[in-house]
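Novice: Sequence isn't available, so here's the structure alone:
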């Protein structure tokens, strides 16, 4: 707790608001800054500051507290409340720290991938996206969630489209995402409308209390649950609502891909958990049915079909994107179990997968940065051309497969254990089949990188050209972290998962 | 003076430090190999200390890490593990000597990587040997798989890539797909994965669940090479011969059968395992595997391929003993781990010596070679006799115990498989040595050249002679070993 004594008192009490407002304000200012270097420094300042603040809040929450921050001093349910507890504190820290790592990475990669005059607006959009994600995670007000969801979505469409100077297909991908994302947001807001009809309030805890008194409420809240689930399902790329994801991941600038892959779907999953367990309750028939049968089923389908599709992709980024869809399936399976163990496993995987995918996409970005490589057939000889980057990719890949002593193993161990505890032996089979499919899609890339010779250009073998240090540092940080979680910090991560599942299952919230 | 906990930690620390130092000093061949040898001797000294503790009835333990909630990474050394650690560490010394001769003699590339990964693989084997529960065993099992992959694919050509792919796919596929669910299943049913004398299950446990778990373990531990999950082993023969010798006759495959023995004795308990109908089925599978692999071995002309199939057959003896799960059979299986290791490493080293000196790999080309390389072919003959189980070679004891174990069980008919296999062993191993000594050489001039060549490579000849001697001497220590192993059985030998 020494770290906390260095933090000013006001920063911790007002931390919830500061985290959202700072990137929002400075993001707007950044948009008109004349120099891209200056914009980068502002972004770096914001992300470092947020990470430190989020870490302090995480420590406070880990001590067992819940933070309630009343916007403008208005008491909930009339005013907007920001709430930080064991469920969202780790996600907030995840978003801030991933933003910091991607910003470091961006120093070089953005210069290579985004047109010069668009770079300052790029950082502005990045900060707005970060503010949106933080806002939707931190707020305790349902309509506020919608607002921040749109803030983050719209800035993400812009960010994806900025990949166009590298790859024109980014425009189509962004457009796809825009259409599907807007449909998702519309579904979500319609659902909120129904909830407001039923309960007359927008404070999440308040809605929850009223719905419990009504024992689930009428058909209106049932319909509301359906709309909200579909709307959030689109945002978190729940199979079969995942169609926007591969294109967006494949063609966005690398920095954006990493940030999206390790935070955006996680924040959406957090919202699904919050709505299912805090606003609604699993004791309602319709919630129980949807989770046990539909969410679990879709999760399993995602694990199998996502992993299978990943094997047949010709673009390495698409391989990992389909793998992400499968990994979301793991998380949904854990949620569908509706047990403390299942929720813990799911939450642990949210954190672990962010680390693993971050490392992998960082490495893919570095391959493009040096050699313009994205297709799987061009992986030949990368082990010799970029040994350090390929080393990080290998560690991340092994972790994704779920080899022992990596973070991925911890997730799978927890999830399979939870499935047996629930009496779902078949789910263990699905988990293992999906892991084995992962051996194929990762192994294919590793074999090409290490066993084939580097290509020849004009009769000369391509020379070794390692990625710059500022790109290697965040990449290796995540790769080593995934090993660290697999060995030393597994207990800590599982503890975070248990805290989160405690919050979800106790149900009440100020 | 020595602390048992420290000593357990050293099991991992010594080879890991050796590996790091080898990477760092890679440019200087002599220093690099001196480090390998020093580490091997230090590890053996450490293991001897631990073996004496275990023999005195102690069970040193060390909690390495609290691991993901209810799972722990913990070391507890018991007799079976002590035996496995002793074999792997003692043969690491001899194999390092052999590897120095072989790798230099054949001017192999990337020797630094080779020695470094062998050291990591040894660390993995030590972790398996000392594992105190199933989850620890699983973790180090995978470490061993991953660390041997660069060794199998050492040559880096298309053939190595293909062999390596099959190797990794089968070993990782079976372990992630079958073994891991079995481990988690044990945790879910029994509430612990610790190894305990007599097993962890209640007497009223669901018999169906036990059968399924036994099935998952038998095939999930792919390193035991029970048919039909054996193809990784012949494919692993693309590796340099020192790898085949140490890893695919000793560390990796013995890790597999050791795990099966350990699971049967400590997780299920012999009584529960024997009462399951699945163990009868698996005993049949093992018996079929013993005979079938021997038949396939007879048809191989490439010496390493023949030895690989012979290994598949010999490993199934141990699985067979574990599935009979009587006192005699388990002791027989444990003895087979020791005796087969010394015998088979001899044969592989001889194969490597013949390749290094004479550049021959096919048995049909061995005519008269025994006259130019009498020590190598002599060692081969001794090793072969031990594998067959001819007294007074060490290998005769496990065969004896296993046959008695089979006779005592309800599966006496399967003793037939052991007898048939012994006959087949004679047919496919002895003629190799006989061909070397008795047949006239095909090309006397070439053989004269080989006799010259031989003098340059003493370090591929001495190690197999030493291991062959070991295979003979071990015959006289079987009684001590049986006394050492006996505490693993809940009711003693009966």
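Specialist: Good, I have the coordinates. Note that the structure is predicted; figures quoted are calculated from it, not measured.

Novice: any weak-confidence spans in the stretch 351-494 of chain B?
Specialist: B:491-494 (pLDDT under 70).

Novice: 90 - rerun?
Specialist: Within the stretch 351-494 of chain B, the segments meeting pLDDT under 90 span B:352-377, B:389-397, B:399-419, B:422, B:428-464, B:470-494.

Novice: repeat for the stretch 51-200 of chain B
Specialist: For the stretch 51-200 of chain B, the ranges with pLDDT under 90 are B:52-74, B:91, B:93-116, B:132-133, B:149-165, B:168-169, B:173, B:176-177, B:184-185, B:187-200.

Novice: which parts of it sit against chain A?
Specialist: By C-beta under 8 Å from any C-beta of the partner chain, the residues of the stretch 51-200 of chain B that approach chain A are B:65-71, B:135, B:138-143, B:146, B:153, B:156, B:160-161, B:165, B:168-169, B:172-173, B:176-178, B:180-181, B:184-185, B:187-188. Every C-beta, even on glycine, is put in place using the N, C-alpha and C of the backbone.

Novice: if I pick residue 402, what's in contact with it?
Specialist: As the question left the chain open, I've gone with chain A. A:408-409, A:411-412, A:435, A:438, B:176 (C-beta atoms under 8 Å, 6 or more residues apart in numbering or on different chains).

Novice: hmm, I had chain B in mind actually
Specialist: Residues in contact with residue B:402 (C-beta under 8 Å, 6+ apart) are B:317, B:320-321, B:328-329, B:332-333, B:336, B:418.

Novice: show me the contacts for the residue nearest to residue A:36 when sequence neighbours are not counted.
Specialist: Setting aside the residues directly before and after it, residue A:36 is nearest to residue A:119 in space (C-beta to C-beta, 6 or more residues apart in numbering or on different chains), at 3.8 Å. Taking C-beta under 8 Å, 6+ apart, we find residue A:119 in contact with A:36, A:39, A:110-111.

Novice: Downstream of the strand or helix carrying residue B:163, the next helix or strand is which one?
Specialist: Assigned by DSSP states H and E, residue B:163 belongs to helix B:158-174. Downstream of helix B:158-174, the first helix or strand assigned by DSSP H and E is helix B:180-190.

Novice: what's the angle from that next one to helix B:158-174?
Specialist: 20 degrees (axes from the mean of the first three to the mean of the last three C-alpha atoms, to 10 degrees).

Novice: what's in contact with helix B:180-190?
Specialist: Outside helix B:180-190, the residues touching it (C-beta under 8 Å, 6+ apart) are A:412-413, A:416-417, A:420-421, A:428-429, A:432, B:70-71, B:134-135, B:138, B:193, B:200-202, B:205-206, B:209, B:212-213, B:216-217, B:220, B:267.

Novice: and if we set it to 7 Å?
Specialist: A:413, A:416-417, A:420-421, A:428, A:432, B:134-135, B:138, B:193, B:200-201, B:205, B:209, B:213, B:216-217, B:220, B:267 (C-beta atoms under 7 Å, 6 or more residues apart in numbering or on different chains).

Novice: Return a PyMOL selection command for the buried portion of these.
Specialist: Only the buried members of the contacts of helix B:180-190 enter the following PyMOL selection, criterion being 16 or more other C-beta atoms under 10 Å in any protein chain shown:
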select buried, (chain A and resi 413+416+417+420+421+428+432) or (chain B and resi 134+135+138+193+200+201+205+213+216+217+220+267)
